[in-house]
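[1] sequence plus the predicted model coming up.
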Amino acid sequence: MKHINILAVTLCLAMASFSLSAQENEKEPSLEERCEQEADRLERLLELEPWQTFYVDSILKHDYAAMRSEYDKLRASKVENLNIYQEVQDKWMDSIDKAYRKVFDDAQWALYLKQGGARAQKARDKRRESKKK
């Protein structure tokens, strides 16, 4: 019976150790990987042509990198006001939408708006309006 208890404890420790090492190996995807995943998602959703997917991927990589750079500058300046970070995000998301509009045809743009783009634009507009008041 003593051997069974020792074996059970050993197995539990081995499983816990394996679980922890598996979690350490699962890293969060990089910015570039997330941009590629989003471009692939939009390609499937909107039935994009390969050249459109290329542009979407390029737009995302450029604008998200620029947004992250602005975030880093704010963090380095020790800015704590979350509204400023939200303004930066809104600025870059507007930029992405403007670039998408140039790449998507009318049907793709309408579907993009229907799938959440319009809601995001309205939320940004609402934040801008509340800031003006």
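    Perfect, thanks for sending it. Numbering: from 1, shown residues only.

[2] low-scoring stretches of this structure, by residue?
    In the predicted model of the chain, residues 1-26 satisfy pLDDT under 70.

[3] and the helices in it?
    Using DSSP state H, the helices assigned to the chain run over residues 2-25, 31-46, 50-76, 82-103, 106-112, 118-132.

[4] residues contacting the residue most central in space within the chain?
    Taking Cα atoms, centre = their mean, the centroid of the chain lies closest to Arg34, which sits 6.1 Å from it. Neighbouring residues of Arg34 by Cβ atoms under 8 Å, 6 or more residues apart in numbering: Tyr64. (Glycine included, C-beta is placed from N, CA and C.)

[5] mind checking how far Trp92 is from Glu49?
    Between Trp92 and Glu49 the computed distance is 25 Å (Cβ to Cβ, to the nearest Å).

[6] of these two, who's got more company?
    Legend: neighbour count by other Cβ atoms under 10 Å for Trp92 and Glu49, higher for Trp92 (19 against 13).

[7] with that, I have no additional questions.
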